[in-house]
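In: need the 3D shape of this:
(chains A and B)
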2 protein chains.
Amino acid sequence: MPPSSAAAASGTDAALAGLAADVVDHRFKGLPPDATGRTVGELAAERRDLFTGGFTTPVMALSAEAVEHNLRLLETYTQRHGLRFAPHGKTPMAPQLLARQLAHGAWGITAAVPHQVRVFRAFGIPRIFLANELVDAAALRWIAAELDADDGFRFLCYVDSVRGVELMDEALGAAGATRRVDVVVELAAGDGARTGARTEADCAAVADAVAATSTLRLVGVAGYEGEVPQADSDRVGAWLRRLVALTAAFDEAGRFGPDVDEIVLSAGGSAWFDAVADVFAQVPPLSRPVLKLLRSGAYIAHDDGHYRKLTPFNRVPEEGALRPAFTLWAQVISRPHPDQAFLNAGKRDAAHDLQLPEAQRVRSARDGTQRAAEGITVTGLSDQHVWVRTEAGAQLEVGDWVGMGMSHPCTIFDKWQLIPLVEADGTVTDYIRTFF
Amino acid sequence: MPPSSAAAASGTDAALAGLAADVVDHRFKGLPPDATGRTVGELAAERRDLFTGGFTTPVMALSAEAVEHNLRLLETYTQRHGLRFAPHGKTPMAPQLLARQLAHGAWGITAAVPHQVRVFRAFGIPRIFLANELVDAAALRWIAAELDADDGFRFLCYVDSVRGVELMDEALGAAGATRRVDVVVELAAGDGARTGARTEADCAAVADAVAATSTLRLVGVAGYEGEVPQADSDRVGAWLRRLVALTAAFDEAGRFGPDVDEIVLSAGGSAWFDAVADVFAQVPPLSRPVLKLLRSGAYIAHDDGHYRKLTPFNRVPEEGALRPAFTLWAQVISRPHPDQAFLNAGKRDAAHDLQLPEAQRVRSARDGTQRAAEGITVTGLSDQHVWVRTEAGAQLEVGDWVGMGMSHPCTIFDKWQLIPLVEADGTVTDYIRTFF
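Out: Numbering: from 1, shown residues only, chains lettered A, B, ... in the order given. Below is the predicted model:
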């Protein structure tokens, strides 16, 4: 390990130790009130039971086994397909999980906005791929200072417009940046899609603008196939081939300077990484090695909704299957009618942007036994209530706990600042801190 | 001020001073990177400009003038109508704002779940109305300990089922509670509505169950008119009259014990407090004074969507008007087509559960001038992007900042942990900490 990486790793260890030394208090919902004043590390060492250890409802549980399984699955998947991996850190925003992703072979971590880069740097992440444009002068000034302060810090971000390049150059010049900032040109996923230059000609104009600066360095090409309009395997594959062709054309045209050791080619959300693997396997020989960077992030927790339906493993079951890691446990507080029940969680606790939570398990308040949540359907969410419809025979009582799966990891993590990591038998072995 | 209140106020002051002494770092998005390491109080004293002071985008701004106006308006409104006020703290979850609500005459603060009670107690709030059922044994054990430790702590919560009363009694008995917990019976807002006992007979059965315990004390009746099915003034008024009649019937039946000094009657969200004021003004003489408690919480920030449309002040404009306090500023990072622009905010930053944000202002990156956001419409939100449609002539450029109003204060506050409080000229005078 080169010295700078060793320094980064040591910074990571110290920062993670700081999380364990933090105090359990009113900042963290769901945690046992009688643990107030203990450190997070001390509470973890107590190995409390999620159901009998004094936790208050609602409480989010992250499955230790599912996370471990998912980490290993994408590690082997990316290795098998010759991809490097910069999982999107916007999903968990949890330094403990990012450190485990790096330990499982990830090249670096992807970010969406500068604040996320700041969090990652506070925890010593050495390589960060900002998969977005960055034209904020204050953020660029900070990035320039970080690059100056640490030779081992590798940072890349998108550019998709000439005006954006001008603003970056202006801000970096004003900041007195000494290291050039590495950029990749973003190719849009199609007409009406999200960010990215829409045509190859637009991309070339952006690359020309980059070449005209002394503050930026063009190192590759990237995009996000998840926004291909009316996405299916054919359309996504076609767009990925455009991305590869653009990379080859840029190389052919000598757009990557002599100091660029490897050409960056990046794509990959959580719905089409099989297509990315297929197309990136066919990259022609270029003038330099190609860093084929996959950025999928939702895999770490997977889900019981959107990604359960969209995961590429549904198309390639022989390569494995992700496991949903989140269960939100809430308590029945009201049973005003035989057809209705209300739980004490709501929009503040559960993802609700794509689908409603799904009732999966019931834990009886009378005897602690668990059973499948049959005849129990979530029908709505208020700010602090889950609306539940119960069929005859559902036998749901006030006081019972209901375990729910959810859709969309990105909007589950961001509802909780300290999340119990729970083994299958209910033992809480750690607490995962998030920074949103 | 009695000694216990003085102690609570002093605890509040110390806890608020702790917030000002906290350090600005990566935990708080949007804040100036060059302020890292300063205390929040030191940064506030610098009175930075929101637009030129080094803040990074996206950044949420809370209008100092609008908050002050709204605080005063509900203070005078409740006074004029003979109501006491326990604004719902679930909305801001911001101890600095709760302290200002108390300074503006609020009787106490309302909570939705025990975690919120914990936050409020950490900041010395002396009177807390938990407008929900509470059957969580761990939370009840903690509540009992808080009541035992502080004679000046007044706590009330809902009961709506016999089973719930049994669970509370069991948990409080097991906890060795020495003070009885004050409860109000919740009357449901109608068939198919949310929590609450559905009929007067159900309410009486719950009151009987309370009377049979030695751990609970019945002190009143409450509910939430915001869930009246197909709500209009007539239906809401009719339900509120049922609530008042139930209170009178309970009193007539001697259901409030001799040690109950005042009978609690509570209702009131942010859409129908005019109806609450009208009907509560007609409460007949009871055996004891009546604490008529309004719980509206959204007023403090108001909004540019749901509550702009629903506020009772639209029906009684002669009593004043609330002002929307939130503006989310995000930066144009991509302009891939003349009809489209993308901003660097998203579901993590803006409320999105009821309506999309509304573009209101544009600040030019070229010269810092501001103008109305004409021809600029938000059409969607990704996790970290705002999708914007621009009409011909909108002249929106990469680098410009767009100020957006939003719908639903409860899901705006919870996206930000430290929110700049900004005066009309852009000066940031304080930073509001939230605890979700």
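In: okay, and A:Ala15 sits in which element?
Out: Using DSSP states H and E, A:Ala15 sits in helix A:3-21.
In: where does pLDDT dip in the stretch 151-300 of chain A?
Out: The model of the stretch 151-300 of chain A has no residue with pLDDT under 70.
In: ok, the residue in it that chain B sits nearest to - contacts?
Out: Closest approach between the stretch 151-300 of chain A and chain B, counting by C-beta to the nearest C-beta: A:Thr195, at 3.8 Å. The C-beta positions use only the backbone N, C-alpha and C, and glycine is treated the same way. Contacts for A:Thr195 (C-beta atoms under 8 Å, 6 or more residues apart in numbering or on different chains) come out as A:132-133, A:158, A:160, A:186, A:188, B:333-334, B:336, B:342, B:385.
In: recalculate using a threshold of 7 Å.
Out: A:Thr195 makes contact with A:133, A:160, A:186, A:188, B:333-334, B:336, B:342, according to C-beta atoms under 7 Å, 6 or more residues apart in numbering or on different chains.
In: ok, and the closest non-adjacent residue to it?
Out: B:Ser334 (3.8 Å; C-beta to C-beta, 6 or more residues apart in numbering or on different chains).
In: which is the succeeding secondary structure element to the helix or strand containing A:Val206?
Out: Using DSSP H and E, the secondary-structure element containing A:Val206 is helix A:200-211. Next helix or strand after helix A:200-211 toward the C-terminus (DSSP H and E): strand A:216-222.
In: that next one and chain B in contact?
Out: No: Strand A:216-222 lies out of reach of chain B by C-beta under 7 Å from any C-beta of the partner chain, never closer than 13.5 Å.
In: ok, and what's touching that strand?
Out: A:131, A:156, A:158, A:165, A:168-169, A:180-187, A:207, A:210-211, A:243, A:246-247, A:250, A:255-257, A:260, A:263-267.
In: only whichever of those are buried, select them in ChimeraX.
Out: Listed next is the ChimeraX selection for buried residues among those, using 16 or more other C-beta atoms under 10 Å in any protein chain shown:
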select /A:131,156,158,165,168,169,180,181,182,183,184,185,186,187,207,210,243,246,247,250,255,256,260,263,264,265,266,267
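In: re the thing from before, bridging residues for the residue nearest to A:Thr195?
Out: B:Phe342 (DSSP bridges).
In: go ahead and confirm it touches B:Phe342.
Out: Yes: between B:Ser334 and B:Phe342 there is a contact under C-beta atoms under 7 Å: 4.2 Å.
In: avg pLDDT for stretch A:65-72?
Out: Averaged across stretch A:65-72, the pLDDT comes to 98.
In: which residues does it contact?
Out: Contacts of stretch A:65-72 (C-beta under 7 Å, 6+ apart): A:100-101, A:104, A:299-300, A:302, A:322-325, A:423-424.
In: what subset of those residues is buried?
Out: Buried by 16+ other C-beta under 10 Å: A:100-101, A:104, A:299-300, A:302, A:322-325, out of those.
In: pull the most distant pair out of these.
Out: Put simply, by C-beta to C-beta the two of those set farthest apart are A:His104 and A:Pro324, 18.9 Å from each other.
In: which residues touch A:Phe273?
Out: Residues near A:Phe273 by C-beta under 7 Å, 6+ apart: A:294, A:296, A:312.
In: so which of those wins on neighbours?
Out: The most neighbours of any of those, using other C-beta atoms under 10 Å in any protein chain shown, belong to A:Ser296, which has 28 neighbours.
In: ok, back up a step: in helices, which of the buried ones among the contacts of stretch A:65-72 appear?
Out: Per DSSP state H, helices hold the following members of those: A:100-101.
In: show the model's pLDDT score for the one residue sitting closest to the centre of chain A.
Out: The centre of chain A sits closest to A:Thr91, judged by C-alpha atoms, centre = their mean, with a distance of 2.6 Å. pLDDT recorded at A:Thr91 is 98.
In: Three-state assignment for it, please.
Out: Under DSSP: H, G, I helix; E, B strand; the rest coil, the three-state class of A:Thr91 is coil.
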